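Q: predicted structure and sequence below. I'll ask about it afterward.
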Amino acid sequence: MFERYTENARRAIFFARYEASLFGSPAIEPEHLLLGLMREDKALSERFLPSAAKSIREEIEVRTPPRKEIGTAVELPLASETKRVLTFALEESDGLEHRHIGTEHLLLGLLREESSQAAQVMHERGLRLGALREAIAGKDTGAPSVRLTSTRRRIALGLEKLLEQQLPLLRGARVGLICNQASVDHKLQHAADLLHANANVNLTALFGPQHGIRGDVQDNMIETGHSVDRVTNTPIFSLYSETREPTEEMLQDVDVLVFDMQDVGCRIYTFVYTMANCMRAAKRFGKRVIVCDRPNPISGIALSGNVLEPEYASFVGEFPLPTRHGMTVGELAQMFNEHFGINCELEVVTMDGWSRECWMDDTDAPWVMPSPNMPTVDTATVFPGAVHFEGTQLSEGRGTTRPFELFGAPYVVPEGYARQLNSIGFPGVYFRACVFQPTFQKHARVSCGGVQSHVTNREEFEPVIVGVAMVKTVYDMYREHFRWKDPPYEYVYDRNPFDVIAGTNKVREAIEQGSSIETINESWRAPLAEFKQKREPYLLY
């Protein structure tokens with residue numbers, strides 16, 4: 001039913017279900033859908049219903065008879081009026097010749113259900129169907145279209161600028177490209193194909209990171225072999241094999257290494273350490289390095305989590321960075337090179353149009369899964385905290401369609417776990433009790449009780465402390481069943497994998513000693529403030 005719906009539209013419907021449960025409604029009515037839409041797509045609601053969010057909620061509350069709140073575990077049906085709204089939204093999308101059904105079409109559908117509370121409160125605030133339809137079609141001259149692509153900021157990727165403006169950096173050189181399936185331009189053309197097809201570029205080698213050059217290798221610690229690219233007939237050297245750093249032999253036909261990969265904004269992710277390893281090899285063997293910058297998908301402002309302790313350095317955390325570092329790959333490359341002393345010959349090709357407050361989906365940059373269990377920006381949003389579950393015997397949702405959003409184990413009672421987590425009162429997130437069955441990895445083909453974390457406000461959501469609190473809560477509730485993961489983890493054989501992930505043993509020890517979440521979070525503040533000063537000279541945007 002929802003195949004054509006955008007992620008925002010689906011989330012608006014999810015929030016409508018949540019609103020209906022708050023109102024104690026036995027069904028999801030159009031007014032709940034309006035509130036869910038306003039909660040999910042603030043830009044749309046602020047454009048067409050400016051300063052109205054609070055008054056609309058208050059008016060709906062006045063018009064709605066008081067009922068007892070319904071638990072969110074109860075599945076609420078769509079009211080017949082809401083079903084008509086969804087039908088109208090489909091018709092509006094088709095009439096506008098849009099291929100998607102977005103929040104803008106839901107808003108049109110709500111106005112067409114004229115007898116509903118939602119349509120009445122919008123009508124009272126001056127919103128009219130014809131004018132809204134023209135605005136969405138882009139026919140009014142007072143404001144830009146709200147079509148899916150037009151509300152996103154146009155940016156130029158480092159790869160595009162390299163090929164269009166800075167090609168002299170490659171001219172006359174033998175080029176090695178570090179890439180994977182996410183190394184694409186706005187037209188979804190792969191970097192290897194673009195370099196190979198350019199008469200001014202001599203592409204001589206490809207280098208693949210963890211999960212392989214095509215991102216097809218699902219799990220961690222599964223090495224990939226060397227091969228030859230079928231399209232360009234270029235040799236592929238795996239940097240997740242017997243070595244994670246290019247050897248002299250691999251670089252014998254290379255003068256310059258181009259790094260073009262999508263990071264996820266979290267210290268605990270191997271791609272930027274592949275970049276660092278290539279920079280070291282370049283320094284050792286006299287090669288140049290060009291880093292093509294890409295957005296930090298979870299924005300470049302917020303910093304959170306603990307700063308890695310050097311004695312816990314590994315392939316998932318090589319430098320003293322916080323868990324959520326708020327930097328782009330280009331900025332990290334500069335910091336690695338200057339502050340951490342790699343000192344290779346480095347050139348960073350910056351982006352145009354990106355600024356620190358931008359999330360990936362605030363821009364028109366293409367999103368291709370950077371790794372098999374990173375399907376969406378939603379996944380990247382929760383990952384800096386959710387990744388800590390990899391250091392436990394609980395499932396972090398691998399083997400489901402919602403990795404790093406689903407968590408659980410066969411012994412967890414979902415309703416109790418969800419209730420305990422929600423009682424903490426973390427802003428911007430709601431934990432829904434659920435049962436899921438992974439198809440592979442931990443607890444494969446076994447039903448697991450647990451929760452799905454639903455981020456309701458990503459600007460308020462603090463992923464790292466939330467993730468640690470989720471581990472701590474299940475540890476406290478099920479101590480007789482809970483187990484940390486056994487080594488090895490990412491080529492570390494002599495340490496607790498949770499400590500390798502956290503970059504310290506202090507978080508695990510705090511959980512085991514019963515320290516409060518507040519105490520754990522407070523211990524991170526001073527190191528974060530110090531890192532914020534250290535990163536300042538390397539920020540490019």
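A: Okay, I see it.
Q: how confident was the prediction at residue 221?
A: Per-residue confidence at residue 221 stands at 51 (pLDDT).
Q: let me fix that, I meant to ask about residue 215.
A: pLDDT, read off for residue 215, is 55.
Q: residue 3 now?
A: What the model reports as pLDDT for residue 3 is 72.
Q: secondary structure class of it, three-state.
A: Here residue 3 is coil, with the state taken from DSSP: H, G, I helix; E, B strand; the rest coil.
Q: do the same with residue 457
A: Put simply, residue 457 is coil when judged by three-state DSSP.
Q: quick check: it vs residue 15, distance?
A: Computed as Cβ to Cβ, to the nearest Å, the residue 457 to residue 15 distance reads 11 Å. In this view, the C-beta of every residue, glycine as well, is placed from N, C-alpha and C.
Q: what's the one helix or strand residue 500 maps to packed up against?
A: Assessed by DSSP states H and E, residue 500 sits inside helix 497-502. Here helix 497-502 touches helix 506-512, going by 3 or more Cβ pairs under 8 Å, 6 or more residues apart in numbering; DSSP states H and E.
Q: the helix it packs on: what's the following helix or strand?
A: Next along the chain after helix 506-512, taking DSSP H and E as the criterion, comes helix 517-522.
Q: next, the buried residues of that following helix.
A: Neighbour-count burial for helix 517-522 flags 517, 520, 521 (criterion: 16 or more other Cβ atoms under 10 Å).
Q: please apply the same query to stretch 83-93.
A: Residues of stretch 83-93 classed as buried: 84, 85, 86, 88, 89, 90, 92, 93 (neighbour count, 16+ other Cβ under 10 Å).
Q: quick check: what element follows the helix or strand in which the last one is found along the chain?
A: In the assignment (DSSP H and E), residue 93 maps to helix 80-95. Following the chain from helix 80-95 toward its C-terminal end, the next helix or strand by DSSP H and E is helix 103-112.
Q: still on that earlier bit, who has more neighbours, residue 457 and residue 15?
A: residue 15 (21 against 12; other Cβ atoms under 10 Å).
Q: tell me which helix or strand the more buried one sits in.
A: Taking DSSP H and E as the criterion, residue 15 maps to helix 7-23.
Q: how far does the very next helix or strand once past that helix sit from its chain's centre?
A: Next helix or strand after helix 7-23 toward the C-terminus (DSSP H and E): helix 30-40. The chain centroid and the centroid of helix 30-40 are separated by 24 Å, computed with Cα atoms, centre = their mean, to the nearest Å.
Q: and helix 30-40 with helix 103-112, angle?
A: 150 degrees (axes from the mean of the first three to the mean of the last three Cα atoms, to 10 degrees).
Q: contacts for helix 30-40?
A: With contacts defined as Cβ atoms under 8 Å, 6 or more residues apart in numbering, helix 30-40 is touched by 8, 11-20, 23, 25, 44-45, 49, 53, 56-57, 60, 64, 79, 81-82, 85, 103, 106-107, 110, 113, 116-119, 121-122, 456.
Q: for the helix holding residue 15, buried residues please.
A: For helix 7-23, a neighbour-count test (16+ other Cβ under 10 Å) marks 8-9, 11-21, 23 as buried.
Q: out of the residues you listed, which one has the lowest pLDDT?
A: Among the buried residues of helix 7-23, residue 8 carries the lowest pLDDT, at 86.
Q: next up, the contacts around that one.
A: Applying Cβ under 8 Å, 6+ apart to residue 8 gives the contacts 40, 41, 102, 103.
Q: ok, back up a step: so can I have TSV of the buried residues of helix 517-522 showing distance to residue 478 and pLDDT?
A: TSV is the format used below for the buried residues of helix 517-522 (distance: Cβ to Cβ, whole Å; pLDDT from 0 to 100):
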residue	distance to residue 478	pLDDT
517	17	98
520	19	98
521	23	97
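Q: who are the packing partners of the host helix or strand of residue 177?
A: Assessed by DSSP H and E, residue 177 sits inside strand 174-178. Under the contact definition 3+ Cβ pairs under 8 Å, 6+ apart, strand 174-178 sits against helix 191-197, strand 202-208, strand 256-259, helix 271-285.
Q: and if we set it to 10 Å?
A: Counting by 3 or more Cβ pairs under 10 Å, 6 or more residues apart in numbering; DSSP states H and E, the packing neighbours recorded for strand 174-178 are helix 191-197, strand 202-208, strand 235-238, strand 256-259, helix 271-285, strand 288-292.
Q: any chance of these in a markdown table, plus mean pLDDT, distance to residue 405 and mean neighbour count?
A: A markdown table is the format used below for these (pLDDT from 0 to 100; distance: least, Cβ to Cβ, whole Å; neighbours: other Cβ atoms under 10 Å):
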| stretch | mean pLDDT | distance to residue 405 | mean neighbour count |
| --- | --- | --- | --- |
| helix 191-197 | 96 | 29 | 20 |
| strand 202-208 | 97 | 27 | 23 |
| strand 235-238 | 95 | 30 | 20 |
| strand 256-259 | 98 | 29 | 26 |
| helix 271-285 | 98 | 21 | 22 |
| strand 288-292 | 98 | 30 | 25 |
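Q: among the ones you listed, which is nearest residue 421?
A: Closest approach to residue 421 among these is made by helix 271-285 (30.4 Å; Cβ to Cβ).
Q: now the closest one and strand 202-208, what's the angle there?
A: Using the same axes, to 10 degrees: helix 271-285 against strand 202-208 is 130 degrees.
Q: re earlier: report the two of the buried residues of helix 7-23 separated the most.
A: Using Cβ to Cβ, those reach their maximum pairwise distance at 8 and 23, which is 22.2 Å.
Q: where exactly do the strands run in the stretch 251-400 of the chain?
A: Remark: strands assigned in the stretch 251-400 of the chain by DSSP state E, counting those that start in this stretch are 256-259, 288-292, 304-307, 322-324, 345-349.
Q: partners of the second one in the sheet?
A: The pairing partners recorded for strand 288-292 under DSSP bridges are strand 256-259 (parallel), strand 345-349 (parallel).
Q: just the C-alphas of that strand, formatted as CSV.
A: Taking Å, rounded to 0.1, in the frame of the first residue of the first chain, the C-alpha atoms of strand 288-292 are listed here in CSV:
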residue,chain,number,x,y,z
ARG,A,288,49.8,12.2,-3.3
VAL,A,289,46.3,11.9,-1.7
ILE,A,290,43.2,13.7,-2.9
VAL,A,291,40.1,13.4,-0.7
CYS,A,292,36.7,14.2,-2.3
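Q: follow-up on the earlier one: what's in contact with the helix holding residue 500?
A: 267-268, 305-306, 308-309, 312-317, 323, 387-392, 464, 468, 471, 484-492, 494, 496, 504-509, 511 (Cβ atoms under 10 Å, 6 or more residues apart in numbering).
Q: give me the mean pLDDT for that helix.
A: 98.
Q: and for stretch 133-141?
A: Per-residue scores along stretch 133-141 average to 70.
Q: with stretch 321-339 instead?
A: 98.
Q: burial count for residue 171?
A: Look at residue 171: counted by other Cβ under 10 Å, it has 9 neighbours.
Q: leaving out the residues flanking it, which one is nearest to it?
A: Distances taken as Cβ to Cβ, 6 or more residues apart in numbering put residue 200 closest to residue 171, at 5.5 Å, once the chain neighbours are dropped.
Q: where does pLDDT dip in the stretch 51-200 of the chain?
A: Along the stretch 51-200 of the chain, segments meeting pLDDT under 70 span 51-54, 139-151.
Q: my guess is residue 241 contacts residue 208. True?
A: Yes: contact criterion Cβ atoms under 10 Å: residue 241 and residue 208 qualify, at 9.0 Å.
Q: mind listing the shared neighbours of the two?
A: Joint contacts of residue 241 and residue 208 (Cβ under 10 Å, 6+ apart) are 224, 225, 226.
Q: show the buried residues in these.
A: By 16+ other Cβ under 10 Å, the shared contacts of residue 241 and residue 208 give residue 224 as buried.
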